[in-house]
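Enquirer: no sequence for this one, just the structure:
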């Protein structure tokens, strides 16, 4: 029996990217199902997602009434994946920052025994394109900061391109996850490590979004800085 693969795509104002991204994902992993979770995008992303789903049985859509945070979208997707019995579950941005051509390499790492495969910018062979020096320093510095406080060896703790085994998600107490923004990635990684599971970093090149506007904000970054200490002190 073939593995069941689910790719979770949270969206907010990604109408310019979504159709091309879905096509590229299915070119790389034709067997994958997609779960698009749209947070009431005013640009029509949700309506476009519905049209794509109507034309392709591999696509499902969930609509939420407004912006509720990246973490809650992924948690919704994780619960769906577990309920439906998917074997491998991806997190992926919807703006082409994560190259769909890398999907098979992450899946291969998970199939080879990784409980969590991370598409990493900060291991040998990884990198970024169209980033300023300041942005690189902030990202690498953020990972170093979190890695030092939490005492874990993952180089790219804030990466959002991941492949989980279903059993990994089942072993994590998902209802107790508290992060919703940038820190969600750090918290999920930390929980996997604390549970004694195996994390593999697969080098990828992160390309700054093609179209649309970044969702990153100072508030999201500050939330992550505080959440790291809550995790370290057992308060989250």
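Expert: Looks like it came in fine. Fair warning: this is a prediction, and the values are worked out from it, not measured in the lab. Numbering: from 1, shown residues only.

Enquirer: Now do stretch 113-124: everything it contacts.
Expert: With contacts defined as C-beta atoms under 8 Å, 6 or more residues apart in numbering, stretch 113-124 is touched by 98, 102, 106-107, 109-110, 126-128, 139-140, 143, 154-156, 159, 161-165, 167-168, 189, 192, 197-206. From N, CA and C alone the C-beta is placed, and that goes for glycine too.

Enquirer: Can you select the buried ones among these for me in PyMOL?
Expert: Selecting only the buried entries of the contacts of stretch 113-124 in PyMOL, with 16 or more other C-beta atoms under 10 Å as the criterion:
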select buried, resi 98+102+106+107+109+110+126+127+128+139+140+143+154+155+156+159+161+162+163+164+165+168+189+192+197+199+200+201+202+203+204+206
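
Enquirer: those helices in this protein, which residues are they?
Expert: Here the chain has its helices, by DSSP state H, at 15-28, 45-55, 70-84, 103-111, 133-150, 166-171, 183-194, 218-232.

Enquirer: measure the residue nearest the centre of the chain to residue 27 for me?
Expert: Residue closest to the average C-alpha location in the chain (C-alpha atoms, centre = their mean): residue 91, at 3.1 Å. Separation of residue 91 from residue 27 (C-beta to C-beta, to the nearest Å): 19 Å.

Enquirer: so where is this structure shaky, pLDDT-wise?
Expert: 1, 209-224, 235-236 (pLDDT under 70).

Enquirer: rerun at 80
Expert: For the chain, the stretches with pLDDT under 80 are 1-2, 139, 180-182, 208-227, 229-230, 232-236.
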